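>>> Test case, fold it:
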Amino acid sequence: LEDQIDNARTAAEFGIRKAQTEFYDAFSNQDLKMMENLWSHSDDICCVHPGMESLQGYDSVIESWEQIFAGFSRVGDDDNNEFNIEPSRVTIDICGQTAICKCVEKVNGGKLEALNLYRREDGKWRMTMHMA
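Coordinates of the predicted model:
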């Protein structure tokens, strides 16, 4: 039984790490389709971008990512406009069907504290909150 419990924890952690990696890949690559697929479609999700008010619900959250990504494409075509965001000091706590991920986001030389929440929905970990 202990082995089964340990295997379940390991599988859940791998799933969370996969979702976390996909989130930061979608963010770094301004991949809206990938970002749309990561988020839960429920009304109780929320996102707090740095210096902004909390956004509630799938449509508002995805619209904010669309605006952010559009801002990157308008910046220009020179090579100095690359954007990279990478999590470090990642900790994961799994509480049943919910996972809490804390990390430090390294963003083009700066750092932000971040909190990401995921919920297990239909066999996949979906983001329900991002706050930086």
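>>> Help me confirm that residue 120 comes into contact with residue 97.
Yes. Counting by C-beta atoms under 8 Å, residue 120 touches residue 97, with 4.2 Å between them. All C-beta spots, glycine's among them, are computed from the backbone N, C-alpha and C.
>>> Who has more neighbours out of these two?
residue 120 (16 against 11; other C-beta atoms under 10 Å).
>>> and the host helix or strand of the more buried one, what other elements does it pack with?
For residue 120, the host element (DSSP states H and E) is strand 110-121. With contacts defined as 3 or more C-beta pairs under 8 Å, 6 or more residues apart in numbering; DSSP states H and E, strand 110-121 has these neighbours: helix 2-28, strand 98-107, strand 124-131.
>>> contacting residues around the nearest residue to residue 17 once chain neighbours are set aside?
Using C-beta to C-beta, 6 or more residues apart in numbering and skipping residues adjacent in sequence, the residue nearest residue 17 is residue 92, 7.2 Å away. By C-beta atoms under 8 Å, 6 or more residues apart in numbering, the contact set of residue 92 is 13, 16-17, 20, 99-101.
>>> residues in contact with residue 66?
With C-beta under 8 Å, 6+ apart, residue 66 has these contacts: residue 32.
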